[in-house]
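Engineer: I would like the atomic coordinates for the input below:
(2 chains)
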Amino acid sequence: MKIIACYSNKGGVGKTATSVNLAYASAMKGRSTLLCDLDPQGASGFYFRVKPSKKLQNKAFFKDVKGFLEAIRASDFDNLDLLPANLTYRDFDIFLSRMKNSRSRLKKALREVNSDYDVVILDCPPNISLLSENVFKTADKIVVPVIPTTLSVRTFEQLNDFFKENDYQRKKLMPFFSMVQKSKKLHNETMIALRKNYKSLLKNYIPFSSEIEKMGIHRAPVLTYAGKDFAANAYGKIWNEIEAQAKIT
Amino acid sequence: MEPFTYFLPSALNQKRLLKKLPSAAQYRISFETSEKWQGLLLDTFDEKMLHAGKLLFQVEERLLCLDLQNGQLIEQLSPEKWSFAGDLPDGPVKDLLNQISTLRAFLPMAEVGLSLLHGLLLDEEEKTRARFYHLSIERGRKSAGVGSTQYLRGYDQAQVDLRRSLEKIGAVSCQDVGQVYDFLKIKREKYTSKPTLLLHPDAPVKENAIIIINAFMKTARRNESGVVADYDTEFLHDYRVSLRKVRSVLSLFKGVFSAEDTTRLKQDFASLMQKTNTLRDLDVYLLNKEQYFELVPATTHEGLNILFAYFAGERKKEQSLVGKVIQSKIYLKEIGRLEKLFTKSSALPVGQRGEENSLAFACTSVLKRYGKVCKIARDIDENTEDSVIHQLRINCKKLRYLMEFFTPLFPENEINTLIKALKLLQDNLGNFNDYSVQQRFLKQVLSEKMPRFGGVELKVAESVGALTAMLHRLQQKERRQVMKNFALFDNLDTRATFAKLFHTEESVDENNSLLQ
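Structural biologist: Numbers count the residues shown, from 1 in each chain, chains lettered A, B, ... in the order given. This next block holds a predicted model:
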């Protein structure tokens, strides 16, 4: 089982769209995939029409194996299941800080689904917290959407520094450009500049697309209703890069 | 949660099903129904699909396969005409059929009308909570359906609700394809190459001999039409095995019929079988084609291709001959005459041991044969002549046949354990013999048939040479396994079981020493 986190310490960069569409791309390739919605807003669940879990309190997520497994819901697509978010996740940090070895709790919890899934994708909330540190430790790869704008690039650099200072494995980070508008000079220049500094940047990027914005209306992965859209297909290509680097066989 | 795989003994009424859903849950079902197709239900002659709980349908250039054991429905494209799993393009149905049988042809069992429905149980957010498919099958005026629900993780209640609603409209849990056949009045072949023998332990042995022969003659005859139509090679194989068993009863049940009758009858059955010898040899060759190509270097493949093209041509001729024989008046008269001899009103005079008690007869015969096998096998070493190995093979086969014939007289588990214990050794000896027969056949090609390969004799001879060398090596390899496999068979447990099952007062003197 490989754990791929989708993370950014900045909001509004297309994180949930990425998680949902990458999970779908993984499932379409026949990999048994679990998408864990760790963001209390529960947007991943919304896209799959899965209601937030009433039962799964945050304590259960980390301690009660049965409760954790019972909260998993099948999506409408083959090979793709979802662990819906719960609003009480917002108390994760407080909760985790009270527990022993809090930084590896997530790993323990996910171990319970090890045999069921080839791939677990974590849709993370946008902050650096105890929960995100759990994610940094647990995930095999961390996919980071970066909009090629100054502010977004700055946040990625901050994340990179944070990894360095705290001895997290920087090779886990897999940044890629998101919501790219090729018509914008700034986007093009930023992309060229950043590619020079970060060799780990994925080759493929996700262009800005109105089809992706419409996910909220369709409540489904973009590939299911806009299969010919360039942006929709870009997720598939990005997933292929992730598979190769994470050695998902 | 397990899928609910069901049989519905009526047409599916969608409105009724919707009405039976619990109203509080605010479900709706989205139905997607196919057009109506004309299709064929397919199975092998020995109903392998039915026994495995599977239904296979051909609909134009597509195959649908429904597995009642696990509820799965798989489909793939296929040519409209095909016979064997190997004829199909790669796909999930082919993979499954390959596991069912690579040798048997899939034949039409019934014409049916079909339509397939996929249903989604949706909640008020339009999220799918359970799925099911339903295959409607019509035959004549009868309508039925088979289907299965698909559980979606985390939606246990929806699965339960869907199952209950289906049950309320008459669906019943079903793993047995026979139920579907019976309801739609589809004729079952009910063929088996191993007929169940109803023997009485205290009956005179002649009576039981007649029951056994009768059963195997019937089995042989059930294969005749398949041999003529040439659906697959198993018809001829089963036909021959059955007749061979008849001959074995005649020779193994010594003294049950008079000596003259026995000799004559054995000869009569031998003549019947003889007419099919060449065809079976060619079948075996052609079935092993791939394996032979793998055995020899690629440089000899050209010659081998010519040789196999020749075999295929010969087989065609031979098959047509055998077909004509089996349809001929002479054959039908002869087999009819033989069949009549082995009915309840058999006119065959009883031999000197024919009135013996069957159980006692079985015990002495099996034990005697077992003794003979042990005696031959225990003297075998690296230097033993091949002819002795052949002797061992023949005696092992006789021992197995005896035990199989008499199985109904003994505790099933124990006698089957012995038959199973013998299997490894028998397979080993069987291979040894097959390689030897095949070498002989090739030798015959080399000595008699070479003029047929005008211009390419050298290529053919080269490949025959290479193949013969490989077969010889394989035969020697089997030869070296015989001692080891006999030692495995000849363990204390097996000895004890033989002694326990077949030990009678009469059999003590002769065989006691062998069982110690």
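Engineer: Might you report the residue contacts of A:Val113?
Structural biologist: Taking CB atoms under 8 Å, 6 or more residues apart in numbering or on different chains, we find A:Val113 in contact with A:Met1, A:Leu34, A:Phe68, A:Leu69, A:Ile72, A:Val120. Any C-beta I mention is one placed from the backbone N, CA and C, and that applies to glycine too.
Engineer: Give me the neighbour count for the first one.
Structural biologist: When you say that, I think you mean A:Met1. With neighbours defined by other CB atoms under 10 Å in any protein chain shown, the count for A:Met1 comes to 16.
Engineer: quick one: it and B:Cys363, what's the gap?
Structural biologist: 60 Å (CB to CB, to the nearest Å).
Engineer: how much space between the residue lying closest to A:Tyr47 once chain neighbours are set aside and chain B?
Structural biologist: Nearest residue to A:Tyr47, sequence neighbours excluded (CB to CB, 6 or more residues apart in numbering or on different chains): A:Val20, at 4.9 Å. Distance of A:Val20 to chain B, computed by CB to the nearest CB, to the nearest Å: 15 Å.
Engineer: restrict the contacts of A:Val113 to contacts with chain B.
Structural biologist: Under the cut-off given by CB under 8 Å from any CB of the partner chain, chain B has A:Ile72 from these close to it.
Engineer: can you map out the strands along chain A?
Structural biologist: With DSSP state E, the ranges of strands along chain A come out as A:2-6, A:33-37, A:73-74, A:80-83, A:119-123, A:141-146, A:173-177.
Engineer: and what of chain B?
Structural biologist: Counting by DSSP E, the strands of chain B are B:5-8, B:28-33, B:37-43, B:54-59, B:62-67, B:73-77, B:107-122, B:128-139, B:142-151, B:172-173.
Engineer: so which of the ones you listed gets nearest chain A?
Structural biologist: Taking CB to the nearest CB, strand B:128-139 is the member of these nearest to chain A, at 4.5 Å.
Engineer: That closest one and chain A in contact?
Structural biologist: Yes - Strand B:128-139 comes into contact with chain A (CB under 8 Å from any CB), by way of B:Thr128.
Engineer: average pLDDT for that strand?
Structural biologist: The average pLDDT for strand B:128-139 rounds to 96.
Engineer: In the stretch 401-516 of chain B, what residue lies closest to chain A?
Structural biologist: For the stretch 401-516 of chain B, CB to the nearest CB, closest residue to chain A: B:Lys420, 34.9 Å.
Engineer: Can you report how many residues neighbour that residue?
Structural biologist: Neighbour tally, B:Lys420, other CB under 10 Å: 9.
Engineer: sorry, back to before: out of the contacts of A:Val113, which is nearest to B:Leu392?
Structural biologist: Closest approach to B:Leu392 among those (CB to CB): A:Met1, at 54.3 Å.
Engineer: Tell me which residues touch residue 202, please.
Structural biologist: Using chain A. Taking CB under 8 Å, 6+ apart as the test, what A:Leu202 contacts is A:Met174, A:Pro175, A:Phe176, A:Ile238, A:Glu241, A:Ile242.
Engineer: nope, chain B please
Structural biologist: B:Asn357, B:Ser358, B:Leu359.
Engineer: Quick check on those: which are buried?
Structural biologist: Neighbour-count burial (16 or more other CB atoms under 10 Å in any protein chain shown) is assigned, among those, to B:Ser358, B:Leu359.
Engineer: Can I get the contacts of B:Asp202 in JSON lines including distance to B:Ser463 and pLDDT?
Structural biologist: Shown next, in JSON lines, are those (distance: CB to CB, whole Å; pLDDT from 0 to 100):
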{"residue": "B:Asn357", "distance to B:Ser463": "57", "pLDDT": "93"}
{"residue": "B:Ser358", "distance to B:Ser463": "52", "pLDDT": "94"}
{"residue": "B:Leu359", "distance to B:Ser463": "54", "pLDDT": "93"}
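Engineer: Just give me the neighbour total for residue 217.
Structural biologist: I'll assume chain A. 8.
Engineer: look at chain B instead
Structural biologist: A total of 21 residues lie near B:Met217 under the criterion other CB under 10 Å.
Engineer: Skipping its backbone neighbours, what lies nearest it in space?
Structural biologist: Spatial nearest neighbour of B:Met217, excluding adjacent residues (CB to CB, 6+ apart): B:Glu339 at 5.4 Å.
Engineer: Hmm, B:Leu422 is touching B:Phe489, no?
Structural biologist: Yes - look at B:Leu422 against B:Phe489 with CB atoms under 8 Å: they come within range, at 6.1 Å.
Engineer: For the closest residue in space to B:Lys185 that isn't next to it in sequence, give me its contacts.
Structural biologist: In this structure, B:Lys185 finds its nearest non-sequential neighbour in B:Lys142, 6.6 Å apart by CB to CB, 6+ apart. Each residue near B:Lys142 by CB under 8 Å, 6+ apart is listed here: B:Phe183, B:Leu184, B:Lys185.
Engineer: mind running it again at 10 Å?
Structural biologist: Residues near B:Lys142 by CB atoms under 10 Å, 6 or more residues apart in numbering or on different chains: B:Pro9, B:Ser10, B:Ala11, B:Val112, B:Phe183, B:Leu184, B:Lys185, B:Ile186.
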